[in-house]
Each structure stands twice: as structure tokens, then as C-alpha cells.
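Trainee: I need the structure of the sequence given here:
(chains A and B, ligands or ions: 2)
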Amino acid sequence: MNQPHFTYEAEGNTLIVHLPEELDHHNCSGLKYETDIILSENYIRRILFDFSKTRFMDSSGLGILLNRYKQMALSGGTVAIYGAGAQALRILKMGGILKLMKLYDSKEAAVTG
Amino acid sequence: MSEQNKPEILKMEVEALSKNEEFARVAVAVFLARLNPTLEEVDDVKTAVSEAVTNAVIHGYQGKGGMIYLEVEVMDQEFTITIRDIGIGIPDIKQAMEPLYTTDPDGERTGMGFSFMEAFMDQVEVQSVPGEGTAVTMKKKISG
Ligand SMILES: Nc1ncnc2c1ncn2[C@@H]1O[C@H](COP(=O)(O)OP(=O)(O)OP(=O)(O)O)[C@@H](O)[C@H]1O
Ligand SMILES: [Mg+2]
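Mentor: Numbers count the residues shown, from 1 in each chain, chains lettered A, B, ... in the order given. Ligands and ions are numbered 1, 2, ... in the order given. Purely as a prediction, here's the structure:
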């Protein structure tokens, strides 16, 4: 089981982060390191988190999102989310994320903005 | 159907490794299934278990490992779980349970774990002694 937990995709100045099925402490471990490298080596104005495969998230996932938001806000960039299911949505709402990030139904809608 | 007035019990010990966080919450969800929970109730319990087990791994044992003890009891649609570690313990439980309170040094945590446990379960009780460890007991009535 050597599957990477996150996969990344670039669309112009937008970085799309495809999240794993289980967004917990174990699976979050590499994200900070990986995104730090990508953000330092590329001109990224916007991060989109793709929740379409994610069936579970807890406070560890929330921390990941909030810290990427803070990081992007420092440089005037934004963060948005698409494809979130019922369980993730409840965590996102209770964690106050929806006040900080726009929520889209599909990748197309999110990329268009 | 569980027989009236006779608790059914699950006891588990898992190593405090991050990969066991998913194992623990899934195993507990399978045990919970006998109460015919709604999907939302399953998610509630899984999230609360994940928070407590993750706290034992990260804070209780500070990533150095140890054993985590889970004890689940179901009786008449009442679900009770205790998640215990023999780690560093919590000096001020009331403060630890406040929303956004965290002792995390690297800034990746938000201090929402206990808030989620309290939001998703009917009752959360924490017992802890510095240097001896922490036990989190949570209860939830399952609609069935
Ligand atoms: N099992 C434990 N052993 C020792 N300390 C603990 C334990 N569980 C929680 N704590 C303490 O309580 C604090 C708050 O826990 P809580 O789960 O609410 O937030 P967090 O773990 O810091 O962040 P998050 O859960 O949002 O990722 C922790 O930062 C830690 O100091
Ligand atoms: Mg926590």
C-alpha cells in the first residue's frame, strides 16, 4: 500500500489538491511538507481542495485546511472546496471553514470560480 | 437485537500508531452496527472515536508509542466507549476541553478535537492524572 495520500494538479495559477478517502491525522502527515514545496516553487493564487473521494474527515483535516488558508491569505490568495459529502460538510461547518472558503459542487464550477 | 438488560462488551488494545486511528474507528463502527444506527449516528461515533484515539497517539504518547485501551459497552440502545492511554496526562482538563485550546507546537492543529467529541456524543467525561494517563468516556443513545 504505497499509494500517495494526496495528488496534485495545476490549472494555471490554481493548485488542485485531491484529498484521500480518509482525511485523518495518519493520512495528513505529508501534506504540509508537500504543499510548502509546491507553493515555494510555483506561482499559486488559489488552492482548490477536492473532497470528492473523501468519506471521512476529523479535526486533523480541519487543521490542514485552516493552515493552508492562513498561508494563502498572507499572499492575498484564496482557498476553495468542492465535492464535499455529508460527513465532511458537518465538520467543515462546525469548524467555521465555510466562512473562509467558498464551496462548489463540481470541479468545473470550482475552477471557473 | 440485544437482549434486554445484559450489556454486550468489546475490549481492544491497539498500539498508539497513527495507522491504527482508522482501524479503531472502523472496528468500533462495526460493533455499533448491532444497534441499527443511522448513517449519521455511525459518522458521529466514528468522528468522536477518531478524535480521542488521535489525541492518545499525538498528545498522550507524544508520537513515541504505547498502548491504547478501548472498551465499548452497548445496552438497550445506549452506547458507551472509554478510550484510555498511559501517557503524559492532562494538567488542566477544563482548559484542555475549551474550543481552540491546543498545546500543539507546530501549529497544524486547531484545538477542536474535544469540541467535536462533545458535539457528536451525548456525554463526554475526561479523567486524567499528569504522568499517569488519560481516559475519555463518551456515551450516546442510538435511535435504532
Ligand atoms: N490523551 C491526551 N493526553 C494528553 N493530553 C491530551 C490528551 N488529549 C488531549 N490532550 C490535550 O488537550 C488539548 C486539546 O485537545 P483537542 O483534541 O481538543 O485539540 P488538539 O488535539 O490540540 O487539536 P485538534 O484535535 O483540533 O487537532 C491538546 O492540545 C492536549 O494538550
Ligand atoms: Mg485532538
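
Trainee: Spell out which residues of chain B are next to chain A.
Mentor: Residues of chain B found near chain A (Cβ under 8 Å from any Cβ of the partner chain) are B:18-19, B:21-22, B:25, B:39-40, B:43, B:46-47, B:50-51, B:54, B:57-58, B:107-110, B:112-113, B:115-116, B:119. C-beta: built from backbone N, CA, C; applies to glycine.

Trainee: restrict the residues you listed to contacts with ligand 1.
Mentor: When contact is defined as Cβ under 6 Å from any ligand atom, those meet ligand 1 at B:51, B:109-110, B:112-113.

Trainee: I'd like the residues you listed laid out as CSV, including secondary structure.
Mentor: Putting these into CSV (DSSP: H, G, I helix; E, B strand; the rest coil) gives the following:
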residue, secondary structure
B:Glu51, helix
B:Arg109, coil
B:Thr110, coil
B:Met112, coil
B:Gly113, helix
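
Trainee: Residue 12: neighbouring residues, count only.
Mentor: Just so you know, I chose chain A. A count of neighbours around A:Gly12, defined by other Cβ atoms under 10 Å in any protein chain shown, yields 10.

Trainee: not quite, I wanted chain B
Mentor: So B:Met12, with other Cβ under 10 Å, has 16 neighbours.

Trainee: got a list of what it touches?
Mentor: B:Met12 makes contact with B:24, B:27, B:69-72, according to Cβ atoms under 8 Å, 6 or more residues apart in numbering or on different chains.

Trainee: for those, which one is nearest ligand 2?
Mentor: Ranked by distance to ligand 2 (Cβ to the ion), those are led by B:Ala24 at 14.1 Å.

Trainee: and that closest one, that's in a strand?
Mentor: No: using three-state DSSP, the assignment for B:Ala24 is helix, not a strand.

Trainee: my read: it touches B:Val53, true?
Mentor: Yes: counting by Cβ atoms under 8 Å, B:Ala24 touches B:Val53, with 4.7 Å between them.

Trainee: Those two: who's more crowded?
Mentor: B:Val53 (29 against 22).

Trainee: Is the more buried one part of a helix or strand, or is it coil?
Mentor: B:Val53 is classified as helix under three-state DSSP.

Trainee: ok, it to A:Leu15 distance?
Mentor: As judged by Cβ to Cβ, to the nearest Å, B:Val53 and A:Leu15 stand 31 Å apart.
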